[in-house]
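In: When you get a sec, could you give me coordinates for this:
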Amino acid sequence: MKARALEVAAGHTRRVSSVCVSADGRRVLSGSLDRTLRLWELPSGRCLRVFEGLTHDVNSVTLSRDARFALSASGELVAGEGLVRVWETDSGRAARDLTGHAGEVSAVALDASGAGAASGGVDATVRVWDVTSGRAIHVLAGHSGWVRAVAFSPRGNLIVSGGMDKTVRVWDAAGGTAARVLEGHGDAVYSVAVSPDGRHALSASRDRTLRLWEIESGRCVRTLEGHAEAVRAVCFKADGAWALSGSEDKTVRLWSTATGEPVWTEKTMGAVLAVSSSPDGRWIAAGTYDRKVLAWELEPGP
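Out: Below is the predicted model of the structure:
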């Protein structure tokens, strides 16, 4: 496995909590505990825009498929309620606020259409939103602790969440009902992802493992082991045959989901808190504890 490493130009002044590679692979959005979002150009590393106005840490960010707008989840409270902010990427202007969580919001995700969003927070709920109106469609309760991660299935019919209660949960997005609980992790779940075909979910945990789940049955297909510290982030690369992870052990790893074996490992200077991949798998990005946004261009195939 070969990759060309790029360090996106420095700019954040505190650790980078979240990254999202755009669907066209030309940009990376990052969120930081310095209370800003930054949009970077690939492969130049040029900072295109800084999104400012928040007064608390940015915990999670995501881009719409057309990159016309971005969402952020933060520790910000508005009248005591947690905040998901919708931003216009062209202007950097805050377009809309989604409020309702009873406390800090730690995770946010968009469905493929960009019309629906999901968020998770310290209030142990997942909330489903109509992005255009800002209205909360469903409040999904079931986790017994802080919800740290949310992800949509490709068709947007399912939401997968993970939390401090060590569980991964699958929800019916349209009906607002619980579908199944996936158990097996020995510690908090920090990150979740759904495969491009919608059949599998990945989860990353403080127990130092990743787990590959069959969504329909709830069965754990495979446990991916090798990280020496908590695994903070996970995503699928390209067609779902490969998983990307980032860990507090200061490595980014690429795994074969068929075998559970790592095929590429990159050492970083700081703990890795976030990872993302472009849909074609060409670009991957990571956010680190030492304030960096890192990117690699991968050769075709792992």
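In: Going by C-alpha atoms from here, please, whenever you check contacts or count neighbours.
Out: Will do.
In: what is Ala70 paired to in the beta sheet?
Out: Assessed by DSSP bridges, Ala70 has beta-bridge partners Leu63, Trp87.
In: What are the boundaries of the strands in the stretch 201-302 of the chain?
Out: For the stretch 201-302 of the chain, the strands defined by DSSP state E, counting those that start in this stretch occupy 209-214, 220-225, 231-237, 242-247, 251-256, 262-267, 272-277, 283-288, 293-298.
In: now do the stretch 1-150 of the chain
Out: Listed in chain order, the strands of the stretch 1-150 of the chain (DSSP E, counting those that start in this stretch) span 3-7, 16-21, 27-32, 37-41, 47-51, 58-63, 69-78, 81-88, 94-99, 105-110, 116-121, 125-130, 135-141, 147-152.
In: Throw those strands into a markdown table and include distance to Thr259, mean pLDDT and mean neighbour count, thanks.
Out: Listed next are these as a markdown table, based on distance: least, Cα to Cα, whole Å; pLDDT from 0 to 100; neighbours: other Cα atoms under 10 Å:
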| stretch | distance to Thr259 | mean pLDDT | mean neighbour count |
| --- | --- | --- | --- |
| strand 3-7 | 21 | 70 | 15 |
| strand 16-21 | 26 | 96 | 28 |
| strand 27-32 | 30 | 96 | 29 |
| strand 37-41 | 34 | 95 | 23 |
| strand 47-51 | 38 | 95 | 17 |
| strand 58-63 | 30 | 97 | 26 |
| strand 69-78 | 34 | 93 | 23 |
| strand 81-88 | 38 | 95 | 23 |
| strand 94-99 | 41 | 94 | 19 |
| strand 105-110 | 28 | 97 | 28 |
| strand 116-121 | 31 | 96 | 28 |
| strand 125-130 | 32 | 96 | 24 |
| strand 135-141 | 34 | 94 | 17 |
| strand 147-152 | 24 | 97 | 28 |
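In: between these, which one is nearest to Arg208?
Out: The closest of the strands of the stretch 1-150 of the chain to Arg208 is strand 147-152. By Cα to Cα, the value is 15.8 Å.
In: following the closest one, which helix or strand shows up next?
Out: Downstream of strand 147-152, the first helix or strand assigned by DSSP states H and E is strand 158-163.
In: Pull up the pairing partners for the helix or strand just after that following strand, direction included.
Out: Toward the C-terminus, strand 158-163 is succeeded by strand 168-172 as the next helix or strand (DSSP H and E). Strand pairing for strand 168-172, using DSSP bridges, gives strand 158-163 (antiparallel), strand 177-182 (antiparallel).
In: Redo those strands as JSON lines? Include mean pLDDT.
Out: Shown next, in JSON lines, are the strands paired with strand 168-172 (pLDDT from 0 to 100):
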{"stretch": "strand 158-163", "mean pLDDT": "97"}
{"stretch": "strand 177-182", "mean pLDDT": "94"}
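In: Gly116: which of those is closest?
Out: Minimum separation from Gly116 across the strands paired with strand 168-172 (Cα to Cα) falls at strand 158-163, 10.9 Å.
In: Check the offset of the closest one from the chain's centre.
Out: Distance of strand 158-163 from the chain centroid (Cα atoms, centre = their mean, to the nearest Å) equals 11 Å.
In: ok, residues contacting it?
Out: 118, 120, 126, 143, 145-153, 168-174, 188-194, 201, 203 (Cα atoms under 8 Å, 6 or more residues apart in numbering).
In: so what's Ala117 up against?
Out: Val108, Ala109, Leu110, Asp111, Val128, Trp129, Asp130, Val131.
In: With adjacent residues omitted, what lies nearest to Arg68?
Out: Thr89 (5.5 Å; Cα to Cα, 6 or more residues apart in numbering).
In: Thought Ala67 was touching the one you found, still the case?
Out: Yes. When contacts are counted by Cα atoms under 8 Å, Thr89 is listed as touching Ala67 (7.0 Å).
In: Comparing the two, which shows the higher neighbour count?
Out: Legend: neighbour count by other Cα atoms under 10 Å for Thr89 and Ala67, higher for Thr89 (23 against 18).
In: and the gap between the more buried one and Thr13?
Out: 21 Å (Cα to Cα, to the nearest Å).
In: for Ser276, same thing?
Out: 21 Å.
In: Same question for Ser60.
Out: 16 Å.
In: again with Thr259
Out: 39 Å.
In: same check, this time on Ala117
Out: From Ala117 to Thr13 the distance is 28 Å (Cα to Cα).
In: cool, Arg96 as well?
Out: 26 Å.
In: One more: Gly162?
Out: Gly162 sits 28 Å away from Thr13 when distances are taken as Cα to Cα.
In: same check, this time on Gly121
Out: 24 Å.
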